[in-house]
Structure formats: C-alpha cells, structure tokens
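Undergrad: next come a sequence and a model predicted from it.
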2 protein chains.
Amino acid sequence: MQRDGAVLFSGWLAGEAMDKLNEETSRGDEAGRPTLKTIAFMTGLGVTTVSRALKDAPEIGEETRRRVQLVARQVGYRPNRAGVRLRTGKTNVISLVLNTDEQIMSFVSDIIYGVSEVLAATPYHLIVTPYSHAQDPMDPVRYVVETGSADGIIISRTQPDDPRVRYMIERNFPFATHGRTEAGLAHPFHDFDNHAFAVEAVRRLASLGRRRLALLTPPQGLTYHQHTVDGFADALSETGASEIPFNTVSIDHSMEQIRARTAQLMRRENRPDGFISSAGAATLALVAGIEDVGLKLGRDVDVVSKQSSPILHLFRPELHLINEDFRLAGRELARSVLGWIGGKSPQSLQSLSVPRAVEPAAP
Amino acid sequence: MQRDGAVLFSGWLAGEAMDKLNEETSRGDEAGRPTLKTIAFMTGLGVTTVSRALKDAPEIGEETRRRVQLVARQVGYRPNRAGVRLRTGKTNVISLVLNTDEQIMSFVSDIIYGVSEVLAATPYHLIVTPYSHAQDPMDPVRYVVETGSADGIIISRTQPDDPRVRYMIERNFPFATHGRTEAGLAHPFHDFDNHAFAVEAVRRLASLGRRRLALLTPPQGLTYHQHTVDGFADALSETGASEIPFNTVSIDHSMEQIRARTAQLMRRENRPDGFISSAGAATLALVAGIEDVGLKLGRDVDVVSKQSSPILHLFRPELHLINEDFRLAGRELARSVLGWIGGKSPQSLQSLSVPRAVEPAAP
DNA sequence: TTCACTTTCTGTAACGTTACAGACGCTTGC
DNA sequence: GCAAGCGTCTGTAACGTTACAGAAAGTGAA
C-alpha cells in the first residue's frame, strides 16, 4: 500500500485520483485548499501521521516523511491558521502598537518595513494596533493580551516605569520595547543611544565655538527624554558650555508652536548660539523660527539635529545631522520578540544603536 | 430555572457558582477567557441559544436575549476569532498591501492611520502585507487570496490594466484600490484627482507668467501617471504654455538622481521657468537641483508641488503647494472594502478627492 | 379532542489542527 | 518461548464556533 502510494504520486496526480479524493472526502464543491486530510488520503496515511511528518517529528519513518513532504509541496499545502490557532492557541501574529499622533516623519513606515523584513522569513503576520492620544496607552496592550490576538507585542514611546511593561511581564506575555525602561525589569528592547547623541551634538557645537546651547527635547515622560537631557548635561560640563533653557516645547508639539517659541527665544538678549533638535520634522520648524527673526544658520547659530530620513541636508546644508535608523529598529525589535517567544532569555535580546553623523553630499 | 438564573446573575457571580462552573466545564485551571459554553452554563441555556442570542437572531425570546447579553457583558465575553474563522471562514481581517520602496513620505503612516480609524469601530484587524521591488506585486495578493488570510484587500500603485484587480475580480475577492483602473472593470477605489492637480498647477504657473513648464511625473505605468500627464497637456493647450520634456526621472527615483537631472536640465539654454512636482519628497531634491546651478525660486523659476505633510512651506515659502490627504484616502479605502464585503455594489464605493491649494502660513 | 403550526429552545456535527493514548509488528534478552 | 521494548503508525477527542435538523411547549382552528 505504501509503495503503491509512492509510485502513484511520484509523477503527478491523475484526474481520476482527484475525483476519488473529492468523493472520499465528501466534498462536492470545487477543489478548495488542501488540508491534512487531503494529504492523508493521497498518501494513504492517517492525518496524525501527516501532521507529524510535516513538522519532522521523530517517530516518523524516513521514507514516510519524505513522501508526505513531497506530496504536501506538490499540492501547495499551507496549514490553516485558524485550525492551528484554535487547537494550540498560537496565533502566529505580532502586534505593533502605534500612537496615531506620532510626529516623527517616517517612524511608522520605517519601523513597519523593518519588522516586516524579519517576519517575511517566518509564518508570522504583522498586525497594526493603533491608539490615539485620547486613549490610555494601556488599552491596545490590554486588548491584545486579553483576547490573545497576537503571540507578541512591540511598543514604542517607552517610559522609565512603563505600566504596559509591568502588565505584560506580570501576564508573562512576550514583547519588545522601542526604548528602555528603568524599573529593574528585564525585557527585550531596542534603543537608540540618545545620551551619546546629545553628547556628540554638544561636542560638535562646542568645536564650532558655540557656548550657549538650547535643547529641543523629546516628549516629557518618555525614557529617552531623560537620556537626552542627561547626555546634554554631561557634555555641557565636559565642554564648559552653558544651557539656555528651552522647556516650553518638545518635539511632540506642533510645527507652529515650535516655530513661534523658537522665534520668541531668539529675540531675547541672551539667546542661544547653538541648538540640538531631537527630531527631523521639528528641526524644520526650529530653523524657520530662527530665520523668522533674521538670524542665519552657520553664522549666528548652529543646529545639530537627528534625522530619520535623508532630507534635512536638502533643506539647509548648514545643518549638522545624526541619523537614527528606524528600519533597523524595526528589524531588531522583531528579532527580539521572536526570540523571546522562542524561549531565549530577555537579557540576550537587548540592543543599542550607536549614533552616526552624516556629512552633506556634494552637489 | 430560567428565572432562577435571572435572579442569580442579576447581582453578580458568587464564588461557589464560579467553582461549580469550573467543575462543570471540567477546567481545573484558572478562569481563562469566557466562551459560549461559559455563558451557556451560567444562564442554563444551550450554547446554540447563546450564540444566537448574542447575534440577535429572530428565533430567540426577548427576555432570553437580554439575559444572555447581560451576562456576556458582565463576564466580558469576546468571541474567539479562531473559532469563528474556522467555522465560517470569516477572518475579520483587512490586508493592506504595501510596496516597501514607496518614496512618498507619510504615505504609509497616514494611510494606515486612516484605515485604522475606520476599522476601530468594527471587529476588523489590520494586517500589513509588504512586498519589495524585487517581487512580483501579484505575490502578496495571491498569497492573501489563496490562503484566505483576510476578508478584503487594499492595494495601491494601481495600473490602468492591473493584473491584481483582474485576479481578485475573477476570484470574487473584495478589495479596494488606491487609484483607478481603466480596463472597464467595476470595483471600489479612492483616488486623488491628479488631472485636476496638474491643471491647477499649470494655471498657477501661467498666471505667474511662466511659459516653459516641466513636469516631474509619477512612476511610469501607474494610472495616475497618465492622469497627471493628461491634465498637464490639457492645461498647456488651454494656457498656451509649452512643455520642456523632463522624462528621465520620476518621483520614484532617488533624491540624488532627481537632483542631478534637474540641475542638468537647468543648465540647458531652453530651460523651464516652471516646474510641477508630483510628490513632496521629490520636490526637495528638485529645488536642490535648481539651486545647485545658482537659480532662485520665485525669481528664475516657480515650482508647484503636491505635498502630503505640511512641511514644504517651511522648506521654501516660495513653493506653491497642493495637499493630498492620505489619511482621508485610508478612511475612504477602508469604508470601500468594508462596503463591498457588506454586499454593497462596487459602483457605489468609488470616490475622488479634489485638490486643494495651500497658502503659506504667516510667520 | 385532535391536528397543524408557531415560538423557542436544544444536540450533533463539522471547520483543520494537534495531544494523547494506544496498536501493531518486530527485535531483543533471558 | 515469552515478555519487554522499540519504531511506526492510528483513531479519538478537543479547541470555540455556527449550520442544521429537530424537539418541546404553547396556540388556534376544526
């Protein structure tokens, strides 16, 4: 019987055999997707055997395994996700939780593409779970965990003592954060070294002779706000430069607000001669504010900015830029969640990305 | 019995009752999510009745329906997606198919947020299915349709005779396209009126006295490329302006290429005195190319550009801008697929977005 | 009283998968 | 010669849901 099967299917499936199958499996309708039952019938084996053969279980004979896998490939078998999910609870889904008010241009697209790149080689699908500023950031996380609609979660806008992180750890739910926490909880993360960014930026400005520096910070409350501020402070004392406070806006504010506040600041007597901006989009507004009062980049003031897409040098060649690669972040975050799901230790799934300065392209 | 149930659960669930349930449903483990079985036990009804009561089927008594729905709400019942999907084939998922080489900034994020906004009020999840330039655009579509991993698909970069559209129509698979087709197939779409955009743009340039106009087009082969080119041609003859060919690059090319080609063009004798750019990011490069040869915006040349995020006026106030709202597109596209899934006619699910000029904000 | 019909509810089976507890035939050791 | 063990394979049950066929009780007409 088994040998017959091997002979029968080594070429390919005759029309009669297909009809027989449809009868046998009592499906009058047109073919439909092949299931384990289809393959079981074709090989003359039981569904259990087929199931095991396809996942290389040890108790299956070498020849049987090969035969089953051959047939499966030929008929284009794909496991039914709903079947697997219902039986095992495994969803093969990663949820990316995003804030719909995110200001940083290209953050969303790049991180999605990064995550996708990694997931493409796996059976995982990517589902996007958005929330707005009107909602508790906990909502989407709670939803996914409670309904079990994903096997892992990626979050951003991480806080030093992030309630979402506590929640997921308590429930033993795999996740990775974009940004670090500081509550002594071990979990996978990927972060950009914003401390190093700020230090680099201050040094650059200092080397240009700038002494009165202002910092356009990340949003209050997020971990990387503190990292940035700390790096700024450390480098100030290292270089002996001084800070001109600029706390009325952050990169989360609207372009109009940033522009207006910058102009206001630049009209003061003791105005800064150097700026550090934590986001590319914000820098556009910042520069507009500087120029609104008639000051000139590179002459009256220098600006160092982070950017996540390579457009700022087209805007003003005088800008000093440091790249943050969100696509890389997406890849790392995806690898991290998958790693945790796969049983690796959280500590081994943490990574930090080092700032890299960009030189202007020759025209 | 029914009345007992009503009384028992009108307050809330006593500890003993809960134990009883766990015994009865033979689950020793901690609670777990409530299922139909849970509610069936609690109300003393059959699972079938509960299932029907929750979806307001007509053959359920008024009181029973209310009782079931009350209990369901109380225990926080959520239908198990895998169960529904396995039984009915309905996934409650919409797949957004995206090209990972998309140049247009904010396209991805805005369209995702738009789609999400609409899906948020439904049981649908959004899954992102990306493909790279290395792949056949058909791949992701085929994958989703063949594996039945979504109930509907949203695609972009639509072509006049798009094979994906043919494929999905043949298979009777609900979808919506960002952009129109021209093969006489009726299907839901949302599109920006690029013909009108080009006409508006030419008129604007003509009104500024510009007579030799160049067009930076959308990618060849996409429907809106032709729409744009047609609008451009129509308005040229209307205004009597002439075209300076600029066909060596499109908005899909890299910034470097656009910049270089623009500079090259501007060094010619018969250089354009007006540009129309079909994308915001490309405009940055275009303007850089213009300025590379020492020409000045507003004096030597005027540029009209589409933009999808409000940053170009910060870049150069002299730019003439027309907004394209991708978040709106996302909303419309989501509404369209859902409508088709819900049985509405494809013809009734088509919409066109009208260009709107942007005036510079006062500093 | 009986029959037909309606209203409201119920049990069974099935979707595709995997865990589990065997079953079968062969070898091996005593 | 027999029990134990091994290597392969199998059937049954279950995950949570809904379609379907039907049952029980009540209503009304004859």
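TA: Done, it's in.
Undergrad: contact residues of chain A facing DNA strand C?
TA: Proximity of chain A to DNA strand C, by Cβ under 7 Å from any atom of the strand, involves residues A:32-33, A:35-37, A:47-48, A:51, A:54-55, A:79-80, A:82-84, A:86-88. In this view, the C-beta of every residue, glycine as well, is placed from N, C-alpha and C.
Undergrad: from these, which are also near chain B?
TA: Among the residues of chain A next to DNA strand C, the residues lying close to chain B (Cβ under 8 Å from any Cβ of the partner chain) are A:Arg33, A:Asn80, A:Ala82, A:Gly83, A:Leu86.
Undergrad: contacts only, for the fourth one.
TA: When contacts are counted by Cβ atoms under 8 Å, 6 or more residues apart in numbering or on different chains, A:Gly83 is found next to B:Leu86.
Undergrad: and the pLDDT at it?
TA: Listed pLDDT for A:Gly83 reads 98.
Undergrad: for A:Tyr77, see how far away it is.
TA: Distance of A:Gly83 to A:Tyr77, given as Cβ to Cβ, to the nearest Å: 12 Å.
Undergrad: neighbours of A:Thr35, how many?
TA: Counted with other Cβ atoms under 10 Å in any protein chain shown, residues neighbouring A:Thr35 total 18.
Undergrad: now for it: which residues touch it?
TA: Shown in contact with A:Thr35 (Cβ under 8 Å, 6+ apart): A:Tyr77, A:Asn80.
Undergrad: gap between it and A:Tyr77?
TA: A:Thr35 is 8 Å from A:Tyr77, by Cβ to Cβ.
Undergrad: what segments of the stretch 251-363 of chain A are helices?
TA: Taking DSSP state H, counting those that start in this stretch, the helices of the stretch 251-363 of chain A run over residues A:255-266, A:280-292, A:312-315, A:326-341.
Undergrad: quick one: the helices in the stretch 51-200 of chain A, in order.
TA: A:62-75, A:81-88, A:107-119, A:138-147, A:163-170, A:194-207.
Undergrad: most packed of these?
TA: Compared across the helices of the stretch 51-200 of chain A, helix A:107-119 shows the largest average neighbour count, a mean of 24 (mean count of other Cβ atoms under 10 Å in any protein chain shown).
Undergrad: burial of A:Gly240, as a residue count?
TA: By other Cβ under 10 Å, 8 other residues sit near A:Gly240.
Undergrad: check the gap between it and A:Asp300 for me.
TA: 21 Å.
Undergrad: can you give me the pLDDT of the closest residue to A:Arg52 other than its chain neighbours?
TA: Nearest residue to A:Arg52 in three dimensions, chain neighbours excluded: A:Ile60, at 5.3 Å (Cβ to Cβ, 6 or more residues apart in numbering or on different chains). Note on A:Ile60: pLDDT of 91.
Undergrad: A:Ile60 contacts A:Thr48, doesn't it?
TA: No. Shown here, A:Ile60 and A:Thr48 do not form a contact pair, counting by Cβ atoms under 8 Å, at 10.1 Å.
Undergrad: smallest distance to DNA strand C belongs to which residue of the stretch 101-250 of chain A?
TA: A:Pro123 (10.6 Å; Cβ to the nearest atom of the strand).
Undergrad: look up the closest residue to that residue, ignoring the ones flanking it.
TA: A:Asn92 (4.9 Å).
Undergrad: get me the contact residues on chain A for DNA strand D.
TA: Going by Cβ under 7 Å from any atom of the strand, the residues of chain A near DNA strand D are A:2, A:44-49, A:52, A:59-64, A:86-87.
Undergrad: nearest to B:Ser336 among those?
TA: A:Leu86 (30.7 Å; Cβ to Cβ).
Undergrad: contacts only, for that closest one.
TA: Residues in contact with A:Leu86 (Cβ under 8 Å, 6+ apart) are B:Asn80, B:Ala82, B:Gly83, B:Leu86.
Undergrad: what ranges of chain A fall below the confidence cut-off?
TA: Residue ranges of chain A with pLDDT under 70: A:1-31, A:359-363.
Undergrad: same thing but at 50, please
TA: By pLDDT under 50, the low-scoring segments of chain A are A:1-30, A:363.
Undergrad: quick check: closest non-adjacent residue to A:Ile258.
TA: A:Ile258's closest residue in space is A:Ala285 (Cβ to Cβ, 6+ apart), at 3.9 Å.
Undergrad: distance check, that neighbour against A:Glu256.
TA: According to Cβ to Cβ, A:Ala285 stands 7 Å off from A:Glu256.
Undergrad: can you pick out the residue with more neighbours from those two?
TA: When neighbours are counted by other Cβ under 10 Å, A:Ala285 and A:Glu256 differ, and A:Ala285 comes out ahead with 26 against 13.
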